[in-house]
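Engineer: Fold the following.
(chains A and B)
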Amino acid sequence: MGRATTASMMDIDAADATGRPSLEELYVQHAPAAFRLALLLTGDRPQAEDLVQDAFVRAVGRLGHVRNADAFGAYLRRTVVNLTKNTWRRRALERRHAATLEPEATSPDDDGPVLERIVILRGLASLPERQRVAMALRYYEDLPVDEIASIMQCPSGTVRSLLSRGVAAMRTLMEGVPDA
Amino acid sequence: MPDASADRIREALHATVDHEAYRPMPAPVVRRARRRLRRNVAVVTLLGVALLATVQAGGSFLSDFSRTSPAQQATYIPDVPSSVCCLPPTESLVYQAPDGSVRYASIDDTHAGTVLHASQALAATPDGANLLVVSSDGYLGIYPGGHDFVPVMRTNASFSGAAIAPDARHVVIATDGQLVERTVGRAGRRILVPVMAGPTLRNPAWSPDGDAIAYIRAAAGNDLMVLDLATGRSRVVLPDVVYAAWSPDGSRLVVARPTSDLALEIDVTDLHGNLTTVSTTPAFGYPAWSPGGRQIAFVLPDGGVAIVASDGSEGTTRALPAIDRHSTTLLWMPGQHP
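Structural biologist: Next up, the predicted model:
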């Protein structure tokens, strides 16, 4: 790392005159899409908002990816996925800890009326984490399998397998929901 | 995967999430991002500085580590028995015994004993206060007496002799075919005469004034060279020499030259190669100059020691107790006055 990297950091921070977007512009441009992906992955709006903000701060810190606004979107998406996985890990730990304190957890089936979007969100949320990520990236972000494999750091065949199982599970969940 | 299901899932996901309004509020996030940027700039700068410092300081340390400098890495103290004694107040000859110890015998035959066990003495400072020795496990170091040992480096198979400067702070070593200088207690080394294609360098001897080093350049023949430390230039003094020792005043060198019957001829030369034969007696070991400069001693093939006048006018022989007849090293030490 040398002077050039430091200079590029400053350029980006200063919203330069060379046509590159400022940090504000980058955030406004990419945050909504990142938020929706985070919402799909977490099923929780406040948590998705936090995730997007954390991911943006973290992505900006990796300045090599910020030089190109297009590449920034992809990097922000990857960061959202990684942070979400971290959150799941933390939650799993918390759940295990809570299970030792609480005798019985409430069933999610006790929640209110069954609407289509709730079914979709909860259906997605009910998938194993890696299936959920693969499904969101494939059917919401429309990414090719190879790129999903790159983001998830696994072979393409594994992604195809995750997608196949995810579709089967979602199909079962959506059987009772009328077509849109 | 059925397309209908996939399409339905795709539509459902978009229908579920796309209508979710999200109004980006960049100000607080960008503030955090800027803080992180500034922190990263500071971290990158610090890492760069640390890396540079490590490369500069650690590089020499690491390269020296590979060359084994016990003075820097750890102080190696050989197991020196408490029976080691000091040299006598009279001049003495220091030589190698068959049991691997360094022994001494005073010129006046009044004292004899062991200087150091399990070592080989290579050279001494003109005042006789410090011996340059190689321990039995290969460490070259300075022995000032008692239980002290100042390690300089570990020798390897290419080690071909060493000499100590008069101030006892520098050592010149013939190793890996070249002459290198090490400063006692410091890492690193200075190459005095680099490796040349063909010849290797051996048997250095530091002049009494500390300004020059005599050494042998061994190739097809063996040339006696003298390196001027001020200019860094070497010049040939005399051909066909295997060993040289400086006279105490630094004006001449006593040299051992090979003869046709595998013995050595002992001569004296000035710094221009003008040769004077001091003994026609075949020598087995290398010569040593007396501290006063009037006599020269060398080991004979029968294990005795010849002591001749430096102008070749007279000579005597004497026996030394328990001398290793196959050892070539002989040092003539001044009297010690603790």
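
Engineer: switch to C-alpha atoms for all contacts and neighbour counts from now on
Structural biologist: Fine.

Engineer: for the stretch 201-338 of chain B, which spans come out with low pLDDT?
Structural biologist: For the stretch 201-338 of chain B, the stretches flagged by pLDDT under 70 are B:337-338.

Engineer: of all of it, which residue lies closest to chain A?
Structural biologist: As assessed by Cα to the nearest Cα, chain A sits closest to residue B:232 within the stretch 201-338 of chain B, at 39.0 Å.

Engineer: Burial check on the spatially closest residue to that residue that is not a sequence neighbour, number of neighbours?
Structural biologist: Spatial nearest neighbour of residue B:232, chain neighbours left out: residue B:192 (7.0 Å); criterion: Cα to Cα, 6 or more residues apart in numbering or on different chains. Per other Cα atoms under 10 Å in any protein chain shown, the neighbour tally for residue B:192 reads 20.

Engineer: same deal with the one 5 residues further on?
Structural biologist: Residue B:197 is flanked by 8 other residues according to other Cα under 10 Å.

Engineer: so who does it touch?
Structural biologist: Neighbouring residues of residue B:197 by Cα atoms under 8 Å, 6 or more residues apart in numbering or on different chains: there are none.

Engineer: per-residue confidence for it?
Structural biologist: On pLDDT, residue B:197 comes in at 72.

Engineer: Name the SS class of it, please.
Structural biologist: Under the three-state scheme (DSSP: H, G, I helix; E, B strand; the rest coil), residue B:197 adopts coil.

Engineer: any low-confidence regions in the stretch 51-200 of chain B?
Structural biologist: Within the stretch 51-200 of chain B, the segments meeting pLDDT under 70 span B:57-86.

Engineer: what's the distance between the closest residue to chain A within it and residue B:39?
Structural biologist: The nearest approach of the stretch 51-200 of chain B to chain A comes at residue B:51, 10.3 Å away (Cα to the nearest Cα). Counting by Cα to Cα, to the nearest Å, the separation of residue B:51 from residue B:39 is 18 Å.

Engineer: And the strands in the stretch 151-300 of chain B?
Structural biologist: Ranges of strands in the stretch 151-300 of chain B, per DSSP state E, counting those that start in this stretch, are B:162-164, B:170-175, B:178-183, B:190-193, B:200-206, B:212-218, B:222-228, B:233-238, B:243-246, B:252-258, B:264-270, B:275-283, B:288-289, B:295-299.

Engineer: In a markdown table: those strands, plus distance to residue B:153.
Structural biologist: Shown next, in a markdown table, are the strands of the stretch 151-300 of chain B (distance: least, Cα to Cα, whole Å):
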| stretch | distance to residue B:153 |
| --- | --- |
| strand B:162-164 | 11 |
| strand B:170-175 | 10 |
| strand B:178-183 | 9 |
| strand B:190-193 | 13 |
| strand B:200-206 | 16 |
| strand B:212-218 | 20 |
| strand B:222-228 | 22 |
| strand B:233-238 | 25 |
| strand B:243-246 | 23 |
| strand B:252-258 | 27 |
| strand B:264-270 | 31 |
| strand B:275-283 | 31 |
| strand B:288-289 | 25 |
| strand B:295-299 | 29 |
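
Engineer: Can you tell me which of those strands is nearest to residue A:77?
Structural biologist: Evaluated over those, closeness to residue A:77 peaks at strand B:190-193, with 56.2 Å, by Cα to Cα.

Engineer: Would you agree residue B:320 falls within a strand?
Structural biologist: No. Residue B:320 is assigned coil when assessed by three-state DSSP, not a strand.

Engineer: wouldn't it be in contact with residue B:305 here?
Structural biologist: Yes. When contacts are counted by Cα atoms under 8 Å, residue B:320 is listed as touching residue B:305 (7.0 Å).

Engineer: that older thread, counting neighbours, what do you get for the residue of the stretch 51-200 of chain B closest to chain A?
Structural biologist: For residue B:51, the count of nearby residues is 13 (other Cα under 10 Å).

Engineer: Now do the residue nearest to residue B:232 against residue B:146, distance only.
Structural biologist: To residue B:146, residue B:192 is 32 Å away according to Cα to Cα.

Engineer: go on, residue A:74?
Structural biologist: For residue A:74, the distance to residue B:146 - Cα to Cα - is 73 Å.

Engineer: same thing with residue B:186?
Structural biologist: Separation of residue B:186 from residue B:146 (Cα to Cα): 23 Å.

Engineer: before we move on, what about residue B:97?
Structural biologist: From residue B:97 to residue B:146 the distance is 19 Å (Cα to Cα).

Engineer: neighbour-wise, which of the two wins?
Structural biologist: Between residue B:97 and residue B:146, residue B:97 has the larger neighbour count (other Cα under 10 Å), namely 23 against 15.

Engineer: The more buried one and residue B:323 touch, don't they?
Structural biologist: Yes. At 4.6 Å, residue B:97 and residue B:323 qualify as touching, with contact defined as Cα under 8 Å.

Engineer: What backbone torsions are found at the residue of the stretch 201-338 of chain B closest to chain A?
Structural biologist: The phi and psi values for residue B:232, taken as degrees, to the nearest 10, are phi 80, psi 10.

Engineer: what's around it, how many residues?
Structural biologist: Using other Cα under 10 Å, residue B:232 has 10 neighbouring residues.
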